[in-house]
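A.B. asks: any chance you could fold what I've pasted below:
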Amino acid sequence: MPRRTPDPRTFLPLTPAIAHILLALADEDRHGYAIMQEVDRITGGSARMGPGTLYGTIKRMLAGGLLEETGERPDPALDDERRRYYRATPLGRAVLDAETTRMATLVSAARAKRVRAR
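C.D. replies: I've put the predicted structure just below:
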């Protein structure tokens, strides 16, 4: 019997760590430290992720099928061979899409109730 792909909505709502990691990997594969730097950049420093949180979350995301390790490196001659690079799987990208849709709906409702200014 073929394995069914889970409904991305079953993962929602995402924890901030999972959402930030998926967003950091939305445009390119990254190693752990580069993920931390990208999270810092996209949040303007308001969300800092330490190594324990990052690697514990990555481990759970790998087990859940949201991430995969890549065997590719940008330039093996300029890269540390000990680094592990990660990418979002198709399921991980679908989960990020579902989460951003959920959040956009929430922001829209908040604006309609004048909770959040435009």
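A.B. asks: rest of the way, CA atoms for contacts and neighbours
C.D. replies: OK.
A.B. asks: flag every buried residue along stretch 100-112.
C.D. replies: 100, 107 (16 or more other C-alpha atoms under 10 Å).
A.B. asks: can I get it in PDB? Just the C-alpha atoms.
C.D. replies: The C-alpha trace of stretch 100-112 is given here as PDB (Å, rounded to 0.1, in the frame of the first residue of the first chain):
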ATOM      1  CA  THR A 100       1.600  31.600   6.200                       C
ATOM      2  CA  THR A 101      -1.900  31.300   4.800                       C
ATOM      3  CA  ARG A 102      -3.200  30.700   8.400                       C
ATOM      4  CA  MET A 103      -1.300  33.700   9.700                       C
ATOM      5  CA  ALA A 104      -2.400  36.000   6.900                       C
ATOM      6  CA  THR A 105      -6.000  35.000   7.700                       C
ATOM      7  CA  LEU A 106      -5.400  35.900  11.300                       C
ATOM      8  CA  VAL A 107      -3.800  39.200  10.500                       C
ATOM      9  CA  SER A 108      -6.700  40.000   8.100                       C
ATOM     10  CA  ALA A 109      -9.300  39.300  10.900                       C
ATOM     11  CA  ALA A 110      -7.300  41.400  13.300                       C
ATOM     12  CA  ARG A 111      -7.300  44.300  10.900                       C
ATOM     13  CA  ALA A 112     -11.100  43.900  10.300                       C
END
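A.B. asks: ok, and what's touching whichever helix or strand Ala109 is part of?
C.D. replies: With elements taken from DSSP states H and E, the one containing Ala109 is helix 90-112. With C-alpha atoms under 8 Å, 6 or more residues apart in numbering as the test, helix 90-112 has contacts from 5-6, 8-9, 11-14, 19, 22-23, 26, 65-67, 116-118.
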